[in-house]
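Student: show me the folded form of this:
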Amino acid sequence: MQYVVYMVRCADNSLYTGITTDITRRINQHNGVRPDGSRYTRSRRPVTLVYTKNTRSKAMALRLEARIKSKSKTLKEQLISRQG
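Tutor: Just a heads-up that it's a prediction; the model follows:
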């Protein structure tokens, strides 16, 4: 199964990072179209997908997610702009 590490930009311009196996479903959850969005994004809707990175395993996805979450917002913005 392929995992995707993703970042969304919230309505308040904050960034949320997560992992999923189905990016469309997860974005719909974050935006309230489907139940089970994260508590963080629930009060910061709508969210917009700004970054994705496919990984080969859940372990790789979790490690990348942790690395991204530990970065400053400036470094996250640079990561987003490099992908774009």
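Student: hey, let's count contacts and neighbours off CA atoms from now on
Tutor: Will do.
Student: ranges for the strands of the protein?
Tutor: Using DSSP state E, the strands of the chain run over 3-9, 15-20, 48-55.
Student: how far off centre is the longest one?
Tutor: With Cα atoms, centre = their mean, to the nearest Å as the basis, the distance from the averaged C-alpha position of strand 48-55 to the chain average is 6 Å.
Student: please identify the deepest-packed of the strands of the chain.
Tutor: Using mean count of other Cα atoms under 10 Å, the stretch among the strands of the chain with the greatest mean number of neighbours is strand 3-9 (a mean of 22).
Student: that one - contacts with which helices or strands?
Tutor: Contacting strand 3-9 under the criterion 3 or more Cα pairs under 8 Å, 6 or more residues apart in numbering; DSSP states H and E are the following elements: strand 15-20, strand 48-55, helix 58-69.
Student: residue 43: what's it in contact with?
Tutor: By Cα atoms under 8 Å, 6 or more residues apart in numbering, the contact list for residue 43 is empty.
Student: phi and psi next, for it.
Tutor: phi -100, psi 10 (degrees, to the nearest 10).
Student: and what of the one 4 residues further on?
Tutor: For residue 47, the backbone dihedrals (degrees, to the nearest 10) come out as phi -110, psi 150.
Student: want to throw the strands of the chain into a markdown table with distance to residue 38 and mean pLDDT?
Tutor: Below are the strands of the chain laid out as a markdown table (distance: least, Cα to Cα, whole Å; pLDDT from 0 to 100):
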| stretch | distance to residue 38 | mean pLDDT |
| --- | --- | --- |
| strand 3-9 | 12 | 98 |
| strand 15-20 | 10 | 98 |
| strand 48-55 | 14 | 98 |
